[in-house]
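1. sequence and computational prediction follow.
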Amino acid sequence: MSRPRFTLDGVPVEFDEGQTLIEAARAAHTYIPFLCAHPDFPAHGSCRVCTVLVNGRPMAACTTRAAAGLTVESQTPSLHADRQALVQMLLVEGNHFCPGCEKSGGCTLQTLGTDLGVTSAGFAHESPQRPVDASHPDLLLDFNRCILCELCVRASADVDHKHVFALSGRGLHKHLIVNAESGRLADTGMSVDDVAARVCPVGVILKKRVGFSTPIGQRPHDVAPPRTQVEGKEEP
Amino acid sequence: MRTVSELLDAHQRDPTRLLQLLRDVQAASGQWLPPRVLTEVANGLGLPRAHVEGVAGFYAFLHLEPVGRFRVLVSDNITDVFAGSHDTLRAFSERLHVEPGHVRTDGVVSLDRTSCTGLCDQPPAILVNGRAISRVVGERLDAVVACIEAGTPVDRWPEALLHVDEGIRQRGPVLSSRLAPGAALRRVLEQGHDARTKTLEAARLRGRGGAGFPVVTKWETCRTAPGDSVVVCNADEGEPGTFKDRVLLATCADLVVEGMTVAAHCTQATTGFIYLRGEYTFLEGHLRGVLERRRREGLLGQGILGERGFDFDIDLHLGAGAYVCGEETALIESLEGKRGVPRHRPPFPVTNGYLGRPTIVNNVETYADVAVVFANGVEAWSALGTEKSTGSKLLSVAGDVERPGVYEVPWGVTLRDVLALAGGVDARAVQVSGPSGELVAPFEFDRRLCFEDLACAGAIAVFGPRRDLLEVALNFARFFAHESCGFCTPCRVGTHVAARSLSKLQQGRGSSVELTELETLAHLLRDTSHCGLGVMAPNAYRHWLRKFPEDVRRRLSASFEPSFDVEAALMNGRHEGARR
């Protein structure tokens, strides 16, 4: 018996029962733009960048289960504009200075913005005051770049079993915190070898003493940006 | 004063009771939660400390920074504002010598604003240490200041000052019900399962929380789902302008609890919760008393009314200042002691709710209606209302009317009828169902309140001829920005951007650029938000833009202006320079 399928922008995509739209698309080497989704973790659904039209209704592709016969649209001008606005919102909500950021060239937010053709902030900058935490001997936390995807929260809880990170506050005041009365990373059980230390899609959790070690042109997303990783072909 | 350890024991060291525990710990440790206390709570519950801090940081009434021994919060609801709440805030600020958003240097008092407190019929309202106080102007304001300066604990303040009016203006089958406790339950027990379901079907009862989902469908799905069912009463009446649940709980609590117990019987639930918004803490003692009395009367607990196996009890949980917890999945998260972040759906609570169990969440009024339907019979019930909206509806009418209060009306009345009843005939606009509802213009006043036309969860805020509807829109937009849980990008950032655009319009600095931005945001929030809060948030201004174009045009400046005033910005620098 053939596998069930839905159509994505008119192209049939086969899927396994239980797969989400983005998982099925990924397995079929079809790229749906995303930020907070990660193949090793359950869907989060907070960034909303992967919003697609499912039978005409907007849904997050990372949290919506694939079903036979669905008509899914991803590449529409309206969704493209939505995604640009979402990336712009993430950019103005924090403090992002790509040219001086150690994660430049390996940052999912930066690469997605470039991919979507985001050339301006679009909204007024919030310029929040967010001190960095350099207390840990091997790691630096630069909260200015946080997009609240909770990948570190989830990795530390579910994989490292340490619960080093959590979110506090709400609305625009929502922010990442660490598991210590002092509020300092040095006073948590965090280790540089933790999965949580390397899962950040942006430049919040950084290893000390290794910044800017890869030359421009050879950085992770210079070689294989997320789109290429999914589509499985080299950039021209 | 009880120690943290004693309070941990009082809550059985149960992590699902974290929010309830934090409320109690805060009350016992000087109105805020110092870092070492959070550590102690985390250790006592076996939870990561960061998790505890994250939960505490979510709720507006839990404090991670010191606050005053008296914490005064002035309602920022728009009808309170129009009734002078900003003057009240200013008066407190001047007379108590404390800036809004700050703590007085001696630590005695702190002052701030808060979202609607549910006393819109008796404005302007405030909360002092969680206790609601109505009509805070003139002598009542003097009395509050005197009590604070005298250091009198709030529970010993004069009875007259703490008194909240009942506020009932018109009674229908629910508010006039003189049902003896247990009477509806007895009817339910007499009927078999099929007859009960038929009664609910024939009554065509729909949920009163706003969405209008058929009660019988929800209950039947819950009953047939695997697992022990849970019955939840959503008493997190947070929609600004709504206070009818306050009145129901204060005057007809038995009816509500009876309806919940009927629900328990229909869904075979053994566990029940009332989730009461933190602003209604003044009802806590009353509700606990009603629950305790009903246990003594054999109407709650083991073997209800002598029926073997009919076991059901209700726990009262209090919220702590988070509007989003009115969303049913956020409410369930909060009941489990977590941050009130709405869940992904599906699965829906009716199959996977509280601790993964099948859960029905219904509004306070829905449960009261259920009791009335079973007590008075289907015919009496469906004689009122329309084809698709049977029975009565409680409306909270506030704002520019002569007789604010709760009106029980049959579904299907026109808005004009309601305005005539309440004495608001010269209204220039009415906000129906709160900020997430619809702004209705005079040309639509003949629309009928019912699910077929103008659905209403309860709030009717009336704006008279002199009211500035842009101030209304801005107030609502700021409300959503304040109450966004922050989970998804569009709502977290978009609600804030919308409020800023409207603020610019209000300053007379807005142009078509801002209008375009507001339209773009409305589209983005509707299509990409994680939950209803974000989807509905643009309703704060969308209807105003569409239905009051003359109003909008008058507020526009001819050309684009920057969002900041260059001269003002430079002035700061000049002052700084001069100081040095």
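-> Happy to help now that I have it.

2. low-confidence ranges in chain A?
-> A:1, A:233-236 (pLDDT under 70).

3. residues contacting the residue nearest to residue A:16 when sequence neighbours are not counted?
-> The shortest distance from residue A:16 to any non-neighbouring residue, by CB to CB, 6 or more residues apart in numbering or on different chains, is to residue A:3 (7.0 Å). In short, each C-beta sits where N, CA and C put it, glycine included. Residue A:3 sits next to A:14-16 when contact means CB atoms under 8 Å, 6 or more residues apart in numbering or on different chains.

4. tell me how far residue A:3 lies from chain B.
-> 22 Å (CB to the nearest CB, to the nearest Å).

5. so for the chain, the centremost residue is which one?
-> All of this is about chain A. Nearest to the mean C-alpha position of chain A, by CA atoms, centre = their mean, lies residue A:35 at 2.8 Å.

6. the chain in question should be chain B.
-> Relative to the mean C-alpha position of chain B, the nearest C-alpha, by CA atoms, centre = their mean, is the one of residue B:238, at 1.2 Å.

7. so what does the nearest residue to that one once chain neighbours are set aside look like in phi/psi?
-> The shortest distance from residue B:238 to any non-neighbouring residue, by CB to CB, 6+ apart, is to residue B:323 (4.0 Å). Main-chain dihedrals, residue B:323, degrees, to the nearest 10: phi -60, psi -40.

8. is it true that residue B:323 touches residue B:115?
-> Yes: using CB atoms under 8 Å, residue B:323 makes contact with residue B:115 at a distance of 6.1 Å.

9. more crowded one of these two?
-> Each of residue B:323 and residue B:115 has its neighbours counted (other CB atoms under 10 Å in any protein chain shown); residue B:323 has more, 28 against 21.

10. tell me how many other residues surround whichever residue of the stretch 251-400 of chain B sits closest to chain A.
-> Taking CB to the nearest CB as the measure, the point where the stretch 251-400 of chain B comes nearest chain A is residue B:344, at 4.8 Å. Neighbour count for residue B:344, taken as other CB under 10 Å: 16.

11. so how far is residue A:118 from it?
-> Residue B:344 sits 27 Å away from residue A:118, going by CB to CB, to the nearest Å.

12. again, but for residue B:257
-> For residue B:257, the distance to residue A:118 equals 54 Å [CB to CB].

13. got it, and residue A:157?
-> Distance of residue A:157 to residue A:118, given as CB to CB: 32 Å.

14. ok, residue B:465 - contacts?
-> For residue B:465, the contact set (CB under 8 Å, 6+ apart) comprises B:426-428.

15. so what's residue B:135 closest to, chain neighbours aside?
-> Take residue B:135 and drop its neighbours on the chain: the residue closest to it by CB to CB, 6+ apart is residue B:122, 5.2 Å away.

16. returning to that earlier point: could I have the buried ones of the contacts of residue B:465 as ChimeraX selection syntax?
-> Buried residues within the contacts of residue B:465, by 16 or more other CB atoms under 10 Å in any protein chain shown, are selected in ChimeraX with:
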select /B:427,428
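
17. contacts for the top helix by length along chain A, please.
-> Secondary structure of chain A per DSSP state H: the longest helix is helix A:77-93. Contacts with helix A:77-93, where a contact means CB under 8 Å, 6+ apart, come from A:33, A:35, A:47-49, A:51-53, A:58, A:73, A:109, A:112-113, A:116-118, A:120-126, A:128, A:147, A:172, B:489-490, B:492-494, B:497, B:520, B:523-524, B:527-528.

18. in strands only, show me those.
-> Mapping those onto strands (DSSP state E) picks out A:51-53, A:58, A:73.

19. could you chop chain A up by domain?
-> A:5-75, A:82-210+A:217-226 (automatic domain parsing).

20. out of those, which is closest to residue B:535?
-> Distances from residue B:535 to each of the domains of chain A were compared using CB to CB; the minimum, 10.0 Å, belongs to domain A:5-75.

21. now do that closest one: distance to the chain's middle.
-> 15 Å (CA atoms, centre = their mean, to the nearest Å).

22. got it, and stretch B:504-523?
-> Remark: stretch B:504-523 is offset 28 Å from the chain centroid, using CA atoms, centre = their mean.

23. quick one: buried residues of that stretch?
-> Those buried within stretch B:504-523 under the rule 16+ other CB under 10 Å are B:504-505, B:509-511, B:514-515, B:517-518, B:520-522.

24. find the pair from the residues you listed with maximum spatial separation.
-> Longest span within the buried residues of stretch B:504-523, CB to CB: B:509 and B:522, 20.6 Å.

25. all strands of the stretch 251-400 of chain B, in order?
-> B:269-276, B:313-318, B:359-363, B:392-399 (DSSP state E, counting those that start in this stretch).

26. in CSV: the ones you listed, plus mean neighbour count, distance to residue A:219 and mean pLDDT.
-> Below are the strands of the stretch 251-400 of chain B laid out as CSV (neighbours: other CB atoms under 10 Å in any protein chain shown; distance: least, CB to CB, whole Å; pLDDT from 0 to 100):
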stretch, mean neighbour count, distance to residue A:219, mean pLDDT
strand B:269-276, 22, 50, 98
strand B:313-318, 19, 50, 98
strand B:359-363, 28, 48, 98
strand B:392-399, 28, 58, 98
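
27. looking at those strands, which is nearest to residue B:376?
-> Of all the strands of the stretch 251-400 of chain B, it is strand B:392-399 that lies closest to residue B:376, at 11.2 Å by CB to CB.

28. which of the contacts of residue A:3 sits closest to residue B:169?
-> Closest approach between those and residue B:169, by CB to CB: residue A:15, at 57.1 Å.

29. for the closest one, grab the count of nearby residues.
-> 22.

30. need phi/psi at it.
-> In this entry, residue A:15 is assigned phi and psi values of phi -150, psi 160 (degrees, to the nearest 10).

31. ok, and the closest non-adjacent residue to it?
-> Here the residue nearest residue A:15, using CB to CB, 6+ apart, is residue A:24, at 3.6 Å.

32. now name the helix or strand holding the nearest residue to residue B:282 once chain neighbours are set aside.
-> Nearest residue to residue B:282, sequence neighbours excluded (CB to CB, 6+ apart): residue B:132, at 5.2 Å. Secondary structure assigned from DSSP states H and E places residue B:132 in strand B:131-133.

33. can you point out the buried residues in the following helix or strand past that strand?
-> The helix or strand immediately downstream of strand B:131-133 is helix B:138-150, counting by DSSP H and E. Neighbour-count burial for helix B:138-150 flags B:140-141, B:143-145, B:147-148 (criterion: 16+ other CB under 10 Å).

34. and of these, the nearest to chain A?
-> Among these, residue B:148 lies closest to chain A (CB to the nearest CB), at 28.0 Å.

35. buried ones in stretch A:100-120?
-> Of the residues in stretch A:100-120, A:101-113, A:115-116, A:118 count as buried by neighbour count, 16+ other CB under 10 Å.

36. sorry, slip of the keys, the one I care about is stretch A:66-85.
-> In terms of neighbour count (16+ other CB under 10 Å), stretch A:66-85 has its buried residues at A:66, A:70, A:72-74, A:79, A:82-85.

37. what about residue B:212, how many neighbours?
-> Neighbour number of residue B:212 under other CB under 10 Å is 16.

38. what's the pLDDT at it?
-> Model confidence at residue B:212, given as pLDDT, is 93.

39. how about the nearest residue to it, chain neighbours excluded?
-> What sits nearest to residue B:212 in space, not counting adjacent residues and going by CB to CB, 6+ apart, is residue B:206, at 4.3 Å.

40. tell me the contacts of residue A:187?
-> Neighbouring residues of residue A:187 by CB under 8 Å, 6+ apart: A:135, A:178, A:180-181.

41. which one (most neighbours) among those residues?
-> Neighbour max across the contacts of residue A:187 (other CB under 10 Å) = residue A:178, 25 neighbours.

42. quick check: it touching residue A:133?
-> Yes: with contact defined as CB under 8 Å, residue A:178 counts as touching residue A:133 (7.3 Å).

43. list residues touching both of the two?
-> In contact with both residue A:178 and residue A:133: A:141, A:184-185, using CB under 8 Å, 6+ apart.
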